[in-house]
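K.L.:
Structural data only, the sequence is not supplied:
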C-alpha cells in the first residue's frame, strides 16, 4: 500500500478534479443554417473548429444531436453546445454520408455492400448501418428504402427518414427525381456515339432479367446512353434512366452486344477487376419538404478510367 506524504497531499490539493464545463444553450431568433448560426454565436471560433464539434456530437438542436452543418433552424429552437465529445460511434463500412436532414439521407455506397438484406441474408448492409446511425440521436428513429443498388454497383443512393416521405417520393418518383445517371465500363468498342435502348423486361424462374421479343410483354424499360471514351477492348458509357427496372442497364448493355465488364451473369467474357463495372454517378431530385433542387455527383471510379491509360499517354 502506497504511503501518503506531505508532498503528495500538497499535490492533490493543488490539482483538484475539474467538473466539465456546463453546456451553452443558445436561442434561435431567425431562420438560417446551423453552421452560420454557430459561427455568429461562437465567434471567434473558426469554421473548421465548429465543424469538428458537429462531427463529434457536441451540438444539439432541441436536445437532439445534429451533425449536419446545413441543418435548417427556425425561430424558437434551442441549440446546445457541449464542451465534451459524445461517445465514439461505430464507423460506417463501405458507406459515406453525402447529405442528411430531417427528411432524407443521401449516401455513397461502395461496390460489395448490400443495400438491404433479403430474408436469407443477415450480413452488414447500408440499411442496417444507417439505421444504427440515426438511432444514435433518437433510439426510435428509422429509415425507409427509396431505391436500391445491386451489391456490386457503387454510387449515390438515398433513403427516407419517415414512412410519409417514402410514400410521397415513391408515388411521384418520375417527377421528384430529375436526373439519374450511371457510368459503365462495357466490353468492346461501342461504335454509335449515343443512342436509346427500349425493351420489355421479364424475369426468369432463376431471377435473371431479359428483354422479351414481344411488345408489351413485361415492364417497359428505356435507357439512354452516350459514349465518353472508347478503345478496341472497352468503352466507357454514360447512361441515363428513363425507367428504373431491376437490372435494366445490365440487360440493355447485353442487348446491344456490349455487356458490362465483370458481369458474367449478363454475358461478360472479361474481368478487369473484381467488382461490376457499373457506378451510379448522379442523383438529382426535388427535396420532399422544401421543394429545393438537390444534386449529388460523384467521381468516375479509377479502375474504370485505368483501362484507357495506355491510349492517353
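P.N.:
Structure's in. What do you need? Only a predicted model underlies this, so the values are computations on that prediction, with no experimental measurement involved.
K.L.:
all contacts plus neighbour counts: C-alpha atoms, from now on.
P.N.:
Will do.
K.L.:
that's a helix at residue 49, yeah?
P.N.:
Yes - using DSSP: H, G, I helix; E, B strand; the rest coil, the assignment for residue 49 is a helix.
K.L.:
Now for it, how many residues are close by?
P.N.:
Using other Cα atoms under 10 Å, residue 49 has 11 neighbouring residues.
K.L.:
Just the pLDDT for residue 188.
P.N.:
With respect to pLDDT, residue 188 scores 96.
K.L.:
in stretch 261-272, what counts as buried?
P.N.:
261, 262, 263, 266, 267, 268, 270 (16 or more other Cα atoms under 10 Å).
K.L.:
SS state for residue 140?
P.N.:
coil.
K.L.:
ok, which pair from the buried residues of stretch 261-272 is furthest apart?
P.N.:
Greatest spatial distance among those (Cα to Cα): 266 and 270, at 11.6 Å.
K.L.:
How about the secondary structure of residue 22?
P.N.:
Secondary structure, three-state DSSP: residue 22 is coil.
K.L.:
What residues does it make contact with?
P.N.:
Shown in contact with residue 22 (Cα atoms under 8 Å, 6 or more residues apart in numbering): 82, 83.
K.L.:
burial of residue 29, as a residue count?
P.N.:
Counted with other Cα under 10 Å, residue 29 comes out at 12.
K.L.:
Which single one of the buried residues of stretch 261-272 is nearest to residue 148?
P.N.:
Closest to residue 148, out of all of those and judged by Cα to Cα, is residue 263, at 18.0 Å.
K.L.:
Tell me the pLDDT of the closest residue in space to the closest one that isn't next to it in sequence.
P.N.:
Spatial nearest neighbour of residue 263, excluding adjacent residues (Cα to Cα, 6 or more residues apart in numbering): residue 276 at 6.0 Å. Note for residue 276: predicted pLDDT of 96.
K.L.:
now swap in the one 5 residues further on and tell me
P.N.:
Looking at residue 281, its pLDDT reads 97.
K.L.:
Would you verify that it is located in a strand?
P.N.:
Yes - under three-state DSSP, residue 281 sits within a strand.
K.L.:
Flag the shaky bits of the protein, pLDDT-wise.
P.N.:
For the chain, the stretches flagged by pLDDT under 70 are 1-21, 85-90, 118-122, 310-313.
K.L.:
need the helices for it, in chain order.
P.N.:
Under the criterion DSSP state H, the chain contains helices at 6-14, 34-41, 47-55, 126-134, 163-171, 173-176, 248-255, 302-305, 309-312.
K.L.:
doesn't residue 141 make contact with residue 64?
P.N.:
No - in terms of Cα atoms under 8 Å, residue 64 does not count as a neighbour of residue 141; the distance is 11.6 Å.
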